[in-house]
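Undergrad: what follows is a predicted structure for the sequence shown.
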2 protein chains.
Amino acid sequence: MDRELQLISSLAQKTGSKIVLFVMDGLGDVACDELGGSTPLEAARTPNLDRLSARSELGLLDPVLPGVTPGSGPGHTALFGYEPTEHLIGRGVLEGLGIGFVFTDRDVAARFNFASTDASGNITDRRAGRIDSASAAALCEKLEEAIPSVKGAQITVRAVKEHRGVVVFRGDGLGDRLPDTDPQRTGVPPLTPRGLDAASEVTALAAAQFVEKARALLVKEPKANTVLLRGFARYVPLPPFSEVFKLTAAALALYPMYRGLASLAGMTVLDAGVDTDAQIARLKASWRDFDFFFVHVKKTDSYGEDGDVQGKLRVVEETDAKLVPAILDLAPDVLAVTGDHSTPCSMASHSFHPVPLLVNARYVRYHGPGGFGETSCRTGSLGRLRGRHLMPLLMGYAGKLAKYGA
Amino acid sequence: MDRELQLISSLAQKTGSKIVLFVMDGLGDVACDELGGSTPLEAARTPNLDRLSARSELGLLDPVLPGVTPGSGPGHTALFGYEPTEHLIGRGVLEGLGIGFVFTDRDVAARFNFASTDASGNITDRRAGRIDSASAAALCEKLEEAIPSVKGAQITVRAVKEHRGVVVFRGDGLGDRLPDTDPQRTGVPPLTPRGLDAASEVTALAAAQFVEKARALLVKEPKANTVLLRGFARYVPLPPFSEVFKLTAAALALYPMYRGLASLAGMTVLDAGVDTDAQIARLKASWRDFDFFFVHVKKTDSYGEDGDVQGKLRVVEETDAKLVPAILDLAPDVLAVTGDHSTPCSMASHSFHPVPLLVNARYVRYHGPGGFGETSCRTGSLGRLRGRHLMPLLMGYAGKLAKYGA
């Protein structure tokens, strides 16, 4: 915890008030020509958010820093109140979280590709002809079954999608300072795992054994006859929500990665089912048991990534019609509606643009004309904040931060 | 590099896009009674900037911190993306940069005044009767010719203006922790140079020898018979633009100090000639060779310092008529228009007021009604940013920052 978080933590106090952090993934956008210069959020019919915004404070969040495009990891790390430049979640771990793997703090994860090598061991295809997901999953099962452990580490192998997977090394004192074994080109052999410090050297020995055994098992495969490892990362939990904010926090997310990010912050991950109805039902059923709820909607981001303006607009409208009133029915003391980053449809990717933010609470300073969008947020009373400052703000609105000094 | 700059540096990537940082020195102002409460920037007829601003994002920059008035050094250090509270350019070096002196990293510079002492060696006039520039220049030449070096250091003496000059000590291991030798009052002798650490003691010995030899050479001068040294400073280059931002950067400034500040950041200083036409011609001729251009206009600040509202307004109009369209003709991918600090005419000095900022790029979020001024900037979508965050923002707009985290 840096000084700011230590301060917040020292002021945090348990109260009966309830906070909902409602995240529409990739919410922010830019002016869309096909919407006459509006954004999907602005063009969408959102009567509930509009009514809410008239009694709320608006602003813009920079998840990391102006100009910096966050991945989902840093985007959520910031929303959860941590300094994203200090706590970077390694790629191997993030990939594991994305498929719902439950880590322990003895784990080092790496992503891997199935790849093809020729008779002399040189790589001929770094993606093994992009083998299909089902074949790759079968190979992963075979590897995990045949290689339960190597010297110094227990092994777990999980398929992700197509040629991609995750391998987890579980053991004591494993370091994660290992360069990728993927040489990023063909015609050369895979690199040998090596550690850049003593603890990582232990991991490197385990990784080398794993690769050797995997190659022996895959020797007769027509395409996927080796694995290339990258993104080695230790699982390092964030300072838990219960300690930092004195909150009993629950996460309601349909997608594994966001459940994983919440668990990294020590939140209780609830089974949110497979659709919005189940997510709402679970939220209502759990309302008494927690004082903080992280509720996540994924598809605003997915449509943004697809460049699908109408799709993104429709998700916003559906969310306004269903999830927003369901949350309001529960009458949280503090409700924040925002995103973890912007995903402009015109860019079809995450972007650095700041994210719209709405904060509703009893003691909001202003009552405005209403309307929640990038334009209203830019002149909102909260101004432009760093992402990590949202949590202290919500804690303040919730009466959960004691006065600092006398 | 602090953590933020390290992060930006780790994400920076070379691309074909081009950025122009266009600085109108001292651009910001405050409400002027004679302009009916507008600022010179707002009252000026600026059709080109107005049109541009309708497709741009606006905001305000705090060069250092709210309330802190920056000199030209910190103002530009911040615009160039460095933390101005970490990298302070010493006064001796800044004075040298102001007269176009080309430093090496073995240099320590000090400003000096010619001064008058009486027969017993006590100061009678700390400015030698403000002797004219020509006489002082002749004395400087005489000193440099007669004192090519002292023990441990090669000597360069340059006139600045009237009684003011710069002396540069070039040698190995020279420190710069030396108090001024100017006692700031008359009736006492000049102070003896002394170093506050071992390396600075080497400089102090050299400085003492220089002063002794200078006094011997000036003994018959009616007024300027000694020199008082102040603002000792080592030349410490900034982490270069090529490394920090992976940019091939060029500077086009008519005034030596701004060329010097650019060279401090590792930019290539182009010969910008003596007027706007030459500056524009050189910009066009060099357009292919660089991916970042720092273009500087001085006179907005000069008229501000003079308290000349109409003069400042006229410079803004001339700039809008000539330099702005010339830059737009080159179609930079990202264009920022801003200042290094405010210089309100009513204060006739630099001030702490935040500086208007316009950023034009492809993926701007909003399309507005247009108008570039202090008032439109205060509700602009960029909000109020620290000066050092401008560079990361421009890098982001230019697609030159990789995504942070997965």
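TA: Alright, I've got the coordinates. Small disclaimer: the values here were computed from a predicted structure and weren't measured.
Undergrad: ok, A:Ala251 - contacts?
TA: A:258-259, A:262-263, A:267-270, A:293-294, A:296 (Cβ atoms under 8 Å, 6 or more residues apart in numbering or on different chains). (Glycine included, C-beta is placed from N, CA and C.)
Undergrad: per-residue pLDDT, the nearest residue to A:Ala224 once chain neighbours are set aside?
TA: Spatial nearest neighbour of A:Ala224, chain neighbours left out: A:Phe114 (3.6 Å); criterion: Cβ to Cβ, 6 or more residues apart in numbering or on different chains. The pLDDT attached to A:Phe114 in the predicted structure is 97.
Undergrad: same deal with A:Pro344?
TA: At A:Pro344, pLDDT is 97.
Undergrad: one more: A:Arg365?
TA: 84.
Undergrad: list the residues that contact it.
TA: Counting by Cβ under 8 Å, 6+ apart, A:Arg365 has contacts A:57, A:381.
Undergrad: over to it: give its phi and psi.
TA: phi -80, psi -40 (degrees, to the nearest 10).
Undergrad: re the thing from before, return the subset of the contacts of A:Ala251 lying in helices.
TA: Among the contacts of A:Ala251, DSSP state H puts A:258-259, A:262-263 in helices.
Undergrad: got the contacts of A:Ala251 as JSON lines, with neighbour count, pLDDT and distance to chain B columns?
TA: JSON lines is the format used below for these (neighbours: other Cβ atoms under 10 Å in any protein chain shown; pLDDT from 0 to 100; distance: Cβ to the nearest Cβ, whole Å):
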{"residue": "A:Tyr258", "neighbour count": "26", "pLDDT": "94", "distance to chain B": "13"}
{"residue": "A:Arg259", "neighbour count": "24", "pLDDT": "93", "distance to chain B": "16"}
{"residue": "A:Ala262", "neighbour count": "24", "pLDDT": "96", "distance to chain B": "16"}
{"residue": "A:Ser263", "neighbour count": "18", "pLDDT": "94", "distance to chain B": "17"}
{"residue": "A:Met267", "neighbour count": "26", "pLDDT": "97", "distance to chain B": "19"}
{"residue": "A:Thr268", "neighbour count": "16", "pLDDT": "96", "distance to chain B": "24"}
{"residue": "A:Val269", "neighbour count": "20", "pLDDT": "94", "distance to chain B": "20"}
{"residue": "A:Leu270", "neighbour count": "21", "pLDDT": "96", "distance to chain B": "25"}
{"residue": "A:Phe293", "neighbour count": "24", "pLDDT": "98", "distance to chain B": "24"}
{"residue": "A:Phe294", "neighbour count": "27", "pLDDT": "98", "distance to chain B": "18"}
{"residue": "A:His296", "neighbour count": "23", "pLDDT": "98", "distance to chain B": "17"}
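Undergrad: A:Gly165: which of those residues is nearest?
TA: A:Arg259 (19.6 Å; Cβ to Cβ).
Undergrad: verify the contact between the closest one and A:Thr268 for me.
TA: No. Assessed by Cβ atoms under 8 Å, A:Arg259 is found out of contact with A:Thr268, at 10.4 Å.
Undergrad: A:Leu283: which element?
TA: helix A:276-285 (DSSP states H and E).
Undergrad: look up how far B:Leu385 lies from the closest residue to chain B within the stretch 51-200 of chain A.
TA: Per Cβ to the nearest Cβ, A:Gly67 is where the stretch 51-200 of chain A lies closest to chain B, at 3.1 Å. Noted for A:Gly67: a distance of 10 Å to B:Leu385, by Cβ to Cβ, to the nearest Å.
Undergrad: comparing these two, which shows the higher neighbour count?
TA: A:Gly67 (24 against 21; other Cβ atoms under 10 Å in any protein chain shown).
Undergrad: and A:Ala5, how many neighbours?
TA: One correction, residue A:5 is Leu, not Ala. 19.
Undergrad: whoops, A:Ala159 was the one
TA: A:Ala159, neighbours per other Cβ under 10 Å, totals 22.
Undergrad: so it: helix, strand or coil?
TA: On the three-state scheme (DSSP: H, G, I helix; E, B strand; the rest coil), A:Ala159 is labelled strand.
Undergrad: identify the bridge partners of it.
TA: For A:Ala159, the beta-bridge partners under DSSP bridges are A:Gly165.
Undergrad: so the residue of the stretch 151-300 of chain A found nearest chain B, which of the three states?
TA: Going by Cβ to the nearest Cβ, chain B is nearest to A:Gly231 of the stretch 151-300 of chain A, at 8.0 Å. Secondary structure, three-state DSSP: A:Gly231 is strand.
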